[in-house]
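J.: Any chance you can model this:
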Amino acid sequence: MDHITSHFDLVLQAFWLTVQLALVSGIASLTAGTLLAAAAVGPVRVLQKASAVYVAVARNTPLLFVFVLVFVALPNLGLLIDASFLVKGVIAMTVYTSSFICEAIRSGVNAVPVGQAEAARSIGLSFGQVLSQVILPQAFRVAVPPLTSVLIAMTKNTSVAAAFGLMEATARMRYFTNESTDDTLIFLVFAAGYIVIVELLSAGAVVTERRWRAAR
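T.: Take a look at the predicted model:
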């Protein structure tokens, strides 16, 4: 335990990097997932097929393989050579997580009554206007619980980045366990840190869901 207290600044830095990776990846995944969902429910068949193929491939590909692709394969092809480890980590997390975000939002879209979209089209709104002003706002309300689950899983999945040189919380925990004999205490400290992050995310989701319900 003394090893952690004497290097507590490193612990905070590690968790701050984890938060950064989760936050930026979450925003990027929500954006990409929303676009994928829009393509999936849109009228353009080519985009529907492309979205379906992407989601099927990304969801069934292990996250570790995605990290290998981004950190090893693409640089060998001359891509992302100058990108930082954090940027590569965000790209890998976004490629993987956006497919799950897409499915969560699409399930929310399917829960919106068809009559609302038909009524919106009958007054002259375009597909983009119907989607952005009528469908998606309601879909996001319905999709808050599954989206929260996806984002929590994504936050825990950031630990995979430890295997690729990103000194986030899991990597720092492994470093401390190699330098100290207090393996159990070190594990408990870092586990508590992850629990705090996840609980804050869950609390934020609950507040968001309550506000959206009150706004109905």
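
J.: from here on, contacts and neighbour counts on C-alpha atoms
T.: Will do.

J.: element containing residue 81, please.
T.: Element membership for residue 81 (DSSP states H and E) is empty, with no helix or strand holding it.

J.: Equivalent analysis for residue 55, please.
T.: helix 45-59.

J.: from the middle of its chain, how far away would the helix or strand following that helix be?
T.: The helix or strand immediately downstream of helix 45-59 is helix 63-68, counting by DSSP H and E. Put simply, helix 63-68 sits 15 Å off its chain's centre (CA atoms, centre = their mean, to the nearest Å).

J.: Just the CA trace of helix 63-68, in PDB.
T.: The C-alpha trace of helix 63-68 is given here as PDB (Å, rounded to 0.1, in the frame of the first residue of the first chain):
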ATOM      1  CA  LEU A  63     -11.800  -5.900 -29.400                       C
ATOM      2  CA  LEU A  64      -8.200  -7.100 -29.000                       C
ATOM      3  CA  PHE A  65      -8.100  -7.700 -32.800                       C
ATOM      4  CA  VAL A  66      -9.300  -4.200 -33.500                       C
ATOM      5  CA  PHE A  67      -6.500  -2.800 -31.300                       C
ATOM      6  CA  VAL A  68      -4.000  -5.000 -33.200                       C
END
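
J.: That one - contacts with which helices or strands?
T.: With contacts taken as 3 or more CA pairs under 8 Å, 6 or more residues apart in numbering; DSSP states H and E, helix 63-68 sits against helix 85-111.

J.: sorry, back to before: next, the angle from the helix holding residue 55 to helix 85-111.
T.: Counting by axes from the mean of the first three to the mean of the last three CA atoms, to 10 degrees, helix 45-59 points 120 degrees away from the direction of helix 85-111.
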